[in-house]
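Enquirer: Kindly return the folded structure for what I paste below:
(chains A and B)
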Protein chains: 2
Amino acid sequence: MKQYTVTVIGLGLIGGSMAVDLKRRGFAREVIGVEADPVNAAAAEKIGLVDRVVPYGDCLAGADVVILAVPVGEAVKMLPDILDRLASEASSGSCEESSGAGLCRKTVIDVCSVKAALVKAAGGHPLRGRYVSTHPMAGTEYSGPWAAISGMFDGKACVICDSGESDRDALETVEKLYDVLNMRTIRMEAANHDMHAAYVSHISHVTSFALALTVLKQERSDRHIFDLASGGFSSTVRLAKSNSDMWVPILSQNRDNILDVIDTYMDEMKAFRDAIAAGDEARIRELIGEANRIRRIIK
Amino acid sequence: MKQYTVTVIGLGLIGGSMAVDLKRRGFAREVIGVEADPVNAAAAEKIGLVDRVVPYGDCLAGADVVILAVPVGEAVKMLPDILDRLASEASSGSCEESSGAGLCRKTVIDVCSVKAALVKAAGGHPLRGRYVSTHPMAGTEYSGPWAAISGMFDGKACVICDSGESDRDALETVEKLYDVLNMRTIRMEAANHDMHAAYVSHISHVTSFALALTVLKQERSDRHIFDLASGGFSSTVRLAKSNSDMWVPILSQNRDNILDVIDTYMDEMKAFRDAIAAGDEARIRELIGEANRIRRIIK
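Expert: As a prediction, this is how the structure comes out:
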């Protein structure tokens, strides 16, 4: 297998977990890290997520593949800058090491869970073709380099957005990368992805946050809740541990889709509330019966 | 260890899982089952959850401990009937086998997740002291005898309600029973229990049902959601597989507490909606930060 030098910008849960398996499974001959937070950078080196850490300004040096794994708000600002740096490197001839022809053949991907804003940020750039917009749909409720784990992506789906805008060889590299991570790739328009992500991922976080707030509000006057928290409650509220650095920009960047889903969700909650308030057991049974159809989807 | 003959009425997830471990761990010399549904009764015998199945009319025959493990709506009706049967057995002298003195020393417990209605149903009965109101807080989203599993209660909490109304020896038997199931017992007033259960268990089911309905509504026009469902979504929506036979009566019997919690929860959801709609990132960050305090409770 051809081996690549991979630079990962952002050594948190996602970037760190990719770094580990890309190296371990032989896709990367070397993994270089870029991390703005000095504590996280030192931890990532110490844990061995990356071979070495370099400043952001050196993020392209020697790299074949650059993975942008920072929160979406920062990624939107960084992506055009990285493409600009790529362009100036190409025009100065300094990326010959990977192209051998003065042409830049480096590949840049992002791994954010909101895609339209990123595709827009790269839109019209002379090197747009070198960028592939991806969303590996995996994670845990933990964050930081110490949360990175091997195998996190195995068997999960990765969405590749607006692939028609990317160069064929860049797409091939990215397909190979996700194949090494054992992910199924699905192609989709960015706008379509963002709507789906609101339904199958973003809303779950909002409902978990709200559930945690509900219980914590009660807890101020009573500690029993802590003794009693059951397994069902734990799994429902688990995502409420998720990091605000990641989730504030997601909720902000995917605002319109998320508001639509919240509104539908609030209607469903109100249907339950009305049926319970009315003591209408037949209606409650009907609502639960409909919800039970989720059994055919979720294992 | 003294061994008991245990009769379990209702051979579903909870009753079946108790039957298995009480026998396996030597608390029960024999486990007798009572199950109204003939398919479930046959399955419970075939799987070996119980030694034999008897008609409801024989539920007291030979039993030292009777566990009422049917949905709360039925349990509320059955409990006074069982105490009446106990009283007539005691007056006829036919329960001497366990008391040896014409006095009835059999113990009746229920395991429902709503307690005030049951305590009320038994209130004032001449044999009220033989009844212990318990809620072993464990379960899965599956139901029926085939869902029963060994070890389900290990390390979890069991609430014993209004214990002052129960005879001391009945309480001792019940403490021993839950000790064998490796549960921590917590004593609490029934009304207090029902309020806490609404917060740490019942609301999670309502929010999961509503989340499932939200996504399923969308799915009618698009199958992508099924390809994309992530681990976070799965854990949040898991409880939406729960059975309506169990949950309709819970939501109905614990109506007032659940409505209170739903209202608090809807306020929290609205706070998120408003902050997202306003693009107020500082406020979203504040809400998530508060919700993150759940980390100190939930592993």
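Enquirer: Show me which residues of the stretch 1-150 of chain A are close to chain B?
Expert: With Cβ under 8 Å from any Cβ of the partner chain as the criterion, the stretch 1-150 of chain A meets chain B at residues A:137-141. Yep, even glycine has a C-beta here, placed from its N, CA and C like the rest.
Enquirer: one more time with 7 Å, if that's ok
Expert: A:137-139 (Cβ under 7 Å from any Cβ of the partner chain).
Enquirer: where does chain A have low pLDDT?
Expert: Filtered on pLDDT under 70, chain A yields the residue ranges A:94-103, A:219-226.
Enquirer: Take the residues of the stretch 1-150 of chain A next to chain B and lay them out in TSV including neighbour count.
Expert: Shown next, in TSV, are the residues of the stretch 1-150 of chain A next to chain B (neighbours: other Cβ atoms under 10 Å in any protein chain shown):
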residue	neighbour count
A:Met137	27
A:Ala138	23
A:Gly139	22
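Enquirer: Phi first, then psi, for A:Phe209.
Expert: phi -60, psi -50 (degrees, to the nearest 10).
Enquirer: dump the residue contacts of it.
Expert: A:240, B:272, B:287-288, B:291 (Cβ atoms under 7 Å, 6 or more residues apart in numbering or on different chains).
Enquirer: what's the farthest-apart pair in these?
Expert: Within those, A:Ala240 and B:Phe272 form the most distant pair, 11.6 Å apart (Cβ to Cβ).
Enquirer: what about these two, which has more around it?
Expert: A:Ala240 (27 against 23; other Cβ atoms under 10 Å in any protein chain shown).
Enquirer: would that one count as being in a helix?
Expert: Yes: counting by DSSP: H, G, I helix; E, B strand; the rest coil, A:Ala240 is found in a helix.
Enquirer: For the nearest residue to it once chain neighbours are set aside, the count of nearby residues, please.
Expert: Closest residue to A:Ala240 apart from its sequence neighbours, by Cβ to Cβ, 6 or more residues apart in numbering or on different chains: A:Ala212 at 3.6 Å. Neighbour count of A:Ala212, defined by other Cβ under 10 Å: 27.
Enquirer: Kindly report the same for the one 3 residues further on.
Expert: Neighbour count for A:Val215, taken as other Cβ under 10 Å: 29.
Enquirer: State the helix or strand in which it lies.
Expert: Using DSSP states H and E, A:Val215 sits within helix A:203-219.
Enquirer: between that helix and helix B:203-219, how many degrees?
Expert: With axes from the mean of the first three to the mean of the last three Cα atoms, to 10 degrees defining the directions, helix A:203-219 sits at 160 degrees from helix B:203-219.
Enquirer: List the buried residues for helix A:203-219?
Expert: A:203-216, A:218-219 (16 or more other Cβ atoms under 10 Å in any protein chain shown).
Enquirer: re earlier: you'd agree the residue nearest to A:Ala240 is up against B:Ile294?
Expert: Yes: counting by Cβ atoms under 7 Å, A:Ala212 does reach B:Ile294; the two are 4.0 Å apart.
Enquirer: Phi and psi next, for A:Val8.
Expert: Per degrees, to the nearest 10, the backbone of A:Val8 is at phi -110, psi 120.
Enquirer: Lovely, talk soon.
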